[in-house]
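> fold the stuff below for me.
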Amino acid sequence: MGRKSTVKQLDKRIRAEVDSAIREGRATIDDLVDLIQAAGADVSRSAMGRYKHNAEKQMEKYRQAQEVAKVWIGKFEDDPDGDVGRLLAEMLRTVAFQTIGDFDDKDGGASSQELMFIAKAIKELASADKISADRALLVRKEFAKEAAAVVEKAATSSGMTASTVAQIKREILGLA
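Numbering: from 1, shown residues only. Now for the predicted structure:
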């Protein structure tokens, strides 16, 4: 792993000003170097260029993710238990695992707080999967009960024996 960026080693206040200037898109690399030098620190132009490039790349990824999220959330609101809901959960799982993989590229690796956040997100996804599975099972059971009641009524009214009706009902309910 390479050494830590000289920009990342700056005082937090200076770095906050640099990050703000990059986010607002109001500063060139030379402007950022001047800003740092005015604060009494020193950083090379190439280090600032790398830092700015990486920050802009991360901001672009974030903007793209927001746009995609808006589209998917709109579809998810229409049918939360449908394909889009399952796809979103899978996408979140993929993002979590990619983030874990990106920790290797990060200077200093992952912090314990970041790891805790990812672990909690994965746990919440698993919990959501269980809730969805439980809900689907409950719906199937309720449907089977309703179907069994309809079949029982129809079979009884058509003259089937009680034992035949009971057998059909057990088959529908999965008790056979």
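> pLDDT below threshold where in this structure?
1-2, 72, 75-85, 88, 104-109, 175-176 (pLDDT under 70).
> need the longest helix for it.
Within the chain, and with DSSP state H defining each element, the longest helix by residue count is helix 112-157.
> angle of whichever helix or strand comes after that one against helix 112-157?
Sequence-wise, the next helix or strand beyond helix 112-157 is helix 162-173, with elements assigned using DSSP states H and E. Following axes from the mean of the first three to the mean of the last three Cα atoms, to 10 degrees, one obtains 160 degrees for the angle between helix 162-173 and helix 112-157.
> so which elements touch the longest helix of the chain?
Contacting helix 112-157 under the criterion 3 or more Cβ pairs under 8 Å, 6 or more residues apart in numbering; DSSP states H and E are the following elements: helix 83-102, helix 162-173. For glycine as for every other residue, the C-beta is placed from the backbone atoms N, C-alpha and C.
> what packs against the longest one?
With contacts defined as 3+ Cβ pairs under 8 Å, 6+ apart, the secondary structure elements packing on helix 83-102 are helix 45-78, helix 112-157.
> and of these, who's closest to R86?
helix 112-157 (7.7 Å; Cβ to Cβ).
> next, the angle from that closest one to helix 83-102.
160 degrees.
> how far is helix 112-157 from where the chain is centred?
21 Å (Cα atoms, centre = their mean, to the nearest Å).
> and stretch 16-24, by the same measure?
Once both centres are worked out by Cα atoms, centre = their mean, stretch 16-24 turns out to sit 26 Å from its chain's centre.
> kindly report the same for stretch 45-65.
Stretch 45-65 sits 22 Å away from the centroid of its parent chain (Cα atoms, centre = their mean).
> related to what we said a few turns ago, dump the helices and strands packed on helix 112-157 into TSV; add distance to I118 as well.
Compiled in TSV, the helices and strands packed on helix 112-157 are given as follows (distance: least, Cβ to Cβ, whole Å):
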stretch	distance to I118
helix 83-102	5
helix 162-173	42
